[in-house]
Every structure is written in C-alpha cells, then in structure tokens.
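>>> Coordinates only, no sequence provided:
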C-alpha cells in the first residue's frame, strides 16, 4: 500500500517510547498476541510474521548547533515455514503453511523497501 510517497504496512502501529522499558513492554505485548501452532517439527511454531522497527535518536548541542544522530534497527520474526511434507501438514496447518510462504514473499519486498527508506 502506498500513501503520499511512503509505503504503509496495513495494520502496523507507530508508537513512540522514551526509554528501553517502554520498548520492552511493547515487544512483550506483541509476543502475547503472537500466533503459534503445532507441527510435527515444532510444538510452538510461529504462524505469523512480526517486524519491530526501532529508531534511536540522540540530540546534543555542540558549539551552538544542534546535532542529531539517528540509528534504525529492524527486528524480524518470521513465521515457521516448515516444508509441508517434512512437517506432515494437512488441513488447516497446510493452508497456513501456504499462506505463510506467500507472506514471506511479500515480507521480503517490505523489508527491501524499508531498508531503502531514509530516516
């Protein structure tokens, strides 16, 4: 989805926090709503993708000029994409696997776009 020249990830949230505790709380919240399921290969296989982008900013005043340093980190948790044959997936798990693989293709495009955007 493209909006005003920027790519927007549908369903994504932008939440500003001011310390590491606030960031940790948001990550914990995300872990609680993460979707998992059983497969033959993994009893808690992640069934959804997640991207957390951290933008760290530090500003200082040097010689009467404001200096801003920014760093950007993308943390990515990919859903389990076990091969259907090895995981012996059938029914709902098989359909999830198909959707996960389709999502991985789209996610690769999103990551490529995010890595090319300027702060």
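Received it, and whenever you're ready, just let me know what you need. Source: prediction; values computed, not measured.

>>> For this protein, which segments count as strands?
Taking DSSP state E as the test, the strands found in the chain are 2-3, 6-7, 36-37, 45-46, 50-62, 65-77.

>>> just checking, what packs against the third one?
Here strand 36-37 touches strand 45-46, going by 3 or more C-beta pairs under 8 Å, 6 or more residues apart in numbering; DSSP states H and E. (Glycine included, C-beta is placed from N, CA and C.)

>>> what packs against the top helix by length along the chain?
For the chain, the helix reaching the highest residue count under DSSP state H is reported as helix 91-116. With contacts taken as 3+ C-beta pairs under 8 Å, 6+ apart, helix 91-116 sits against strand 6-7, strand 50-62, strand 65-77, helix 84-87.

>>> Distance from that helix to the middle of the chain?
The chain centroid and the centroid of helix 91-116 are separated by 11 Å under C-alpha atoms, centre = their mean, to the nearest Å.

>>> residues of it that come out buried?
93, 96-97, 100, 103, 107, 110 (16 or more other C-beta atoms under 10 Å).

>>> Using JSON lines, lay out those residues together with pLDDT and distance to residue 16.
Formatted as JSON lines, the buried residues of helix 91-116 follow (pLDDT from 0 to 100; distance: C-beta to C-beta, whole Å):
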{"residue": "93", "pLDDT": "75", "distance to residue 16": "38"}
{"residue": "96", "pLDDT": "79", "distance to residue 16": "33"}
{"residue": "97", "pLDDT": "77", "distance to residue 16": "36"}
{"residue": "100", "pLDDT": "79", "distance to residue 16": "31"}
{"residue": "103", "pLDDT": "79", "distance to residue 16": "27"}
{"residue": "107", "pLDDT": "76", "distance to residue 16": "24"}
{"residue": "110", "pLDDT": "79", "distance to residue 16": "21"}
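
>>> farthest-separated two in these?
93 and 110 (24.6 Å; C-beta to C-beta).

>>> Spatially nearest residue to residue 50 (excluding sequence neighbours)?
If the residues on either side of it in the chain are set aside, residue 50 comes closest to residue 77, at 4.4 Å by C-beta to C-beta, 6 or more residues apart in numbering.

>>> any idea which of the strands of the chain is most buried?
Among the strands of the chain, strand 45-46 has the highest mean neighbour count (mean count of other C-beta atoms under 10 Å), at a mean of 20.
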